[in-house]
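**Q** Give me a model of this one.
(chains A, B and C)
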Amino acid sequence: MTEASERRTDAQGDWEPRIAAFLCNWCSYAGADLAGVSRIQYPPNVRVIRVPCSGRINPLFLVKALQSGMDGVLVSGCHPGDCHYISGNLYARRKFALMKSLLEYVGIEPGRVHFSWVSAAEGVRFAELLHTVIESVRELGPAERMVRRVEAMP
Amino acid sequence: MTEKKEGTKPETPMDARIVSKEDLIAALTALAQDHTVIAPVDDRTGAVFAPTQDAAAVRLEYRNTSLSPKAAVFPQIETLLAFQDGVATETLPEPPETVLFGARPCDARALAMLDRVFQRDGIDDPYVAARRDRLTVIALACDEPGPACFCTSVGGAPDDHTGADVLATDLGEALLMRPVTERGEALLAALDGARPAEAGEIEAAQERSAAAAEKIGRVPVPSEPARLLEAFDSEIWAEIAAGCLGCGACTYACPTCHCFDLTDEHKRGTGRRVRSWDTCALPLFTLHASGHNPRPSTDARLRQRVLHKFAYGPETIDEMLCVGCGRCVSVCPSGIDLRRILARLDGCIAGGGPG
Amino acid sequence: MTVQEQLRHRAAELLADGTIDLFVGYAASDAPLKAAVHVARTAADAEMLTWNSFCAPNVAALLPKLLRRPDGAGEDWAPQRVGILAKGCVSRSIVGLIKAHQIPREAVHVIGVGCDGVVDRHRAARLFTPAAILDAEPLDGDRMLLRGTDGAERTVDLSEILLGSCLDCQHRNAVLADETIGDPVPETGPGPQEDAATSFAARPIDERWEAFEEEISRCIRCYACREACPNCYCTECFAEETEPHWIGVTTDPSDLMLFHLGRAFHQAGRCVDCGACVAACPMGIDLRLLTHKVNRDVEALFGGEASVSLDIVEPLLQFEMTDDEGFITEP
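**A** This next block holds a predicted model:
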């Protein structure tokens, strides 16, 4: 069994990027929902994980997602100043800045790890963001670096 | 005091061989064609045992490695079984024929102890057995002790052959190689360039080892292991363990430590059961699900480690589970020294019971 | 009186007059280049205290263990008062532990001492491999005579074998102390031969990945780095949790990387770069490769250094409206 062998493929069997998106409930998730009800088209490459606040996001989520074989990770929260919990995203901003820098430093391609602010009213922006992120990951190809190769074990 | 083991009794001269170092390199290269050859090679920590194709990279001058070669029979990570959709399959290893070259006599002796830990009344570990059965051990006698060695105090010697199939001694230009088992004899018989050793060469080897033995510091070791248990409730452990960080480095470096953990890794019904080295130095080792921990302090955990080696080992396998390699001393970041602990305990017990 | 003599004298006095119940410091060990961690309870114990360039462990790591509430919630701190010898980094660790409510300020009596740096045994050992170092003798002029098991002898400048952390050190004197012994030393170290994090970051990304994977693959998951670190006081480490099961127990490279990335990240804003993790690692891994990077980022992005003052809130426990947003992806 290998995590990496469960790659997403399209109907033709070609690789498609698979991206985990951690969205805060009050802004970004609502923005994604708005994109949906507005019938704004965006590619299906994203797996959404809803969290109460971007401040809840443990940086290990990102590394764990990459380890599981996700080709890219997106984290999105409320715009600074608009956090439903007042300051969650402000603490998160510091964590994210460090994590982005650390992951790039060890050699994880920066195009795989994305952070963003999307509000509940920004359905269009959400879809545009996904396009940007998906294309950024597509250019890099399937993720190899953090992936846990279970079948290689004795 | 445990009786000091005599060095290897000399085999009759026609059994022991002399192999030049060039021929040795050639022989190891040839063996590497259809064997896995594990030997000491350069590492930033000095030397490390690793599978090697390039026999010229093999080091003979090292004292000892920071990690023992026990991984040859008891690897750090091992899949015991794989499962899928409710069906489990044992994944017994099918290792290639393996030669462990250059293990020091303490490490070879430790392998023999691990044999008895994993194969005794009611216990028959097929994973360890599978690797051990395909393993030939060529031990390399010591002519200089390391800074923390004390093998002679625990029944070992710089030229002990317990656990080895061949015992090699570095004579400078060549190695004296003495077969210990049939497997070892078969290996030597097939070795190109090996010639019978002369009596003088065998003597030279023995002299080297005797000289090495003279340099090894003596450590008082309990002659009646059960007496250590008299000190179980002593306050001496708090004093001994005061600086212990509980980091576990000693247990990972130790050639006789063998405790392990079992972990199931799975994803949607498919997965495997993994055995991994574990350490009694961490509180998690004995933590109950209730939150109670029978060994709540580093005092208790260090006590456990010492007693396992020197009291429980004699109970379970009739031998102290320590070969005096000194790695625990070298590797400890806090400077905790098992030799000092044993001396302290000796004083405590000799003084008539718990201190 | 030498600093060492002052230390022994003061520790004995504090123990005798009941100011403290224990004194945590260092003593001579039988292993070369390494001082033992020593806990003194009596005047006789205090006589064994030493202070020299072999004193590498960060003894603040013992404090939570000595002062923590015993098993069973709701009880007060253990009723002990602990004296401790604190070089600069150790005093910063104490500041960090107090701020994190892991030890009460009033339970520690800090004797500050200026430090010229401590020896990295691995670095010294590399001068003799494959032989081992038999003993070390300090010489005048900040030099050391090393003798190997192969009979070789080398005289080195101390700066050749100091911990990388010591070369970079900006706080060689204690930042928090109830009293000090010895004269203050120049605050900063001799400076690194090269800034490891900057030169690593300058390499192409693919090379960085390979180098990182190679370095971290040496790890044997012994957790010595974690236990040696005063900041790793969690009673349950993320690496050992099974609910959720963050990482496997194996030495698979991705498990190793997750552990070290996680640990380095958890240190953000708190790591004082004492080098105890590097000194403790039996495999000689350069853990500073990660922690130094995180420290530099925290300094650059949020300003300040970790744990130099009880009055400054840790960088990751605060925020500014003007915090950097350069990492944000705009569609």
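**Q** burial measure for residue 18, as a count.
**A** Since you didn't name a chain, this refers to chain A. Neighbour count of residue A:18, defined by other C-beta atoms under 10 Å in any protein chain shown: 23. C-beta here means a position set from N, CA and C on the backbone, and glycine is covered the same way.
**Q** not quite, I wanted chain B
**A** Residues lying near residue B:18 (other C-beta under 10 Å) number 20.
**Q** moving C-terminal of the helix or strand containing it, what's the next helix or strand?
**A** Residue B:18 belongs to strand B:17-20 when assigned by DSSP states H and E. Next helix or strand after strand B:17-20 toward the C-terminus (DSSP H and E): helix B:21-34.
**Q** any idea whether the residue in the stretch 51-200 of chain B that chain C sits nearest to is helix, strand or coil?
**A** Across the stretch 51-200 of chain B, no residue is closer to chain C than residue B:62, which sits at 4.0 Å (C-beta to the nearest C-beta). Using DSSP: H, G, I helix; E, B strand; the rest coil, the secondary structure recorded for residue B:62 is coil.
**Q** Tell me the spacing between it and chain A.
**A** Separation of residue B:62 from chain A (C-beta to the nearest C-beta, to the nearest Å): 26 Å.
**Q** List the contacts of that residue.
**A** B:40, B:46-47, C:129-131 (C-beta atoms under 8 Å, 6 or more residues apart in numbering or on different chains).
**Q** again with residue B:81
**A** B:88-91, B:272-273.
**Q** The contacts of residue B:62 into CSV, with extra columns for secondary structure?
**A** Listed next are the contacts of residue B:62 as CSV, based on three-state DSSP:
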residue, secondary structure
B:40, strand
B:46, strand
B:47, strand
C:129, coil
C:130, coil
C:131, coil
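**Q** just these now: which is nearest residue C:14?
**A** Using C-beta to C-beta, residue B:46 comes nearest to residue C:14 of the contacts of residue B:62, at 41.1 Å.
**Q** so who does the closest one touch?
**A** Contacts for residue B:46 (C-beta under 8 Å, 6+ apart) come out as B:62-63, B:65-66, C:125, C:129-130, C:132.
**Q** Likewise for residue C:328?
**A** A:115-117.
**Q** contact partners of the helix or strand residue B:186 falls within?
**A** Assigned by DSSP H and E, residue B:186 falls within helix B:182-189. The set of residues external to helix B:182-189 that reach it, using C-beta under 8 Å, 6+ apart, is B:15, B:17, B:99, B:136, B:138, B:164-166, B:177, B:179, B:194.
**Q** One more pass at 10 Å, please.
**A** With C-beta atoms under 10 Å, 6 or more residues apart in numbering or on different chains as the test, helix B:182-189 has contacts from B:11, B:15-17, B:19, B:27, B:31, B:35, B:99, B:133, B:135-139, B:161, B:164-168, B:177-179, B:181, B:194.
**Q** continuing past it, what's the next helix or strand?
**A** Taking DSSP H and E, what comes next after helix B:182-189 is strand B:195-196.
**Q** Could you tell me how far residue B:139 is located from residue B:165?
**A** Going from residue B:139 to residue B:165 by C-beta to C-beta, to the nearest Å gives 8 Å.
**Q** Neighbour count: these two, which is higher?
**A** Shown here are residue B:139 and residue B:165; by other C-beta under 10 Å, residue B:139 has more neighbours (31 against 23).
**Q** Secondary structure element holding the residue nearest to that one when sequence neighbours are not counted?
**A** Nearest residue to residue B:139 in three dimensions, chain neighbours excluded: residue B:164, at 3.7 Å (C-beta to C-beta, 6 or more residues apart in numbering or on different chains). Assigned by DSSP H and E, residue B:164 belongs to neither a helix nor a strand.
**Q** re earlier: in helices, which of the contacts of residue C:328 fall?
**A** Among the contacts of residue C:328, DSSP state H puts none in helices.
**Q** Now rank the residues you listed by neighbours and give me the top one.
**A** Counting by other C-beta under 10 Å, top hit in the contacts of residue C:328: residue A:117 with 27 neighbours.
**Q** Disregarding residues adjacent in the polypeptide, which is nearest to that residue?
**A** residue A:79 (4.4 Å).
**Q** tally of neighbours for the one you found?
**A** 14.
**Q** Verify the stated contact: it with residue A:26.
**A** No: between residue A:79 and residue A:26 there is no contact under C-beta atoms under 10 Å: 11.2 Å.
**Q** Need the overlap of contacts for those two.
**A** Taking C-beta under 10 Å, 6+ apart as the contact rule, residue A:79 and residue A:26 both touch residue A:119.
**Q** Many thanks, I have nothing further to ask.
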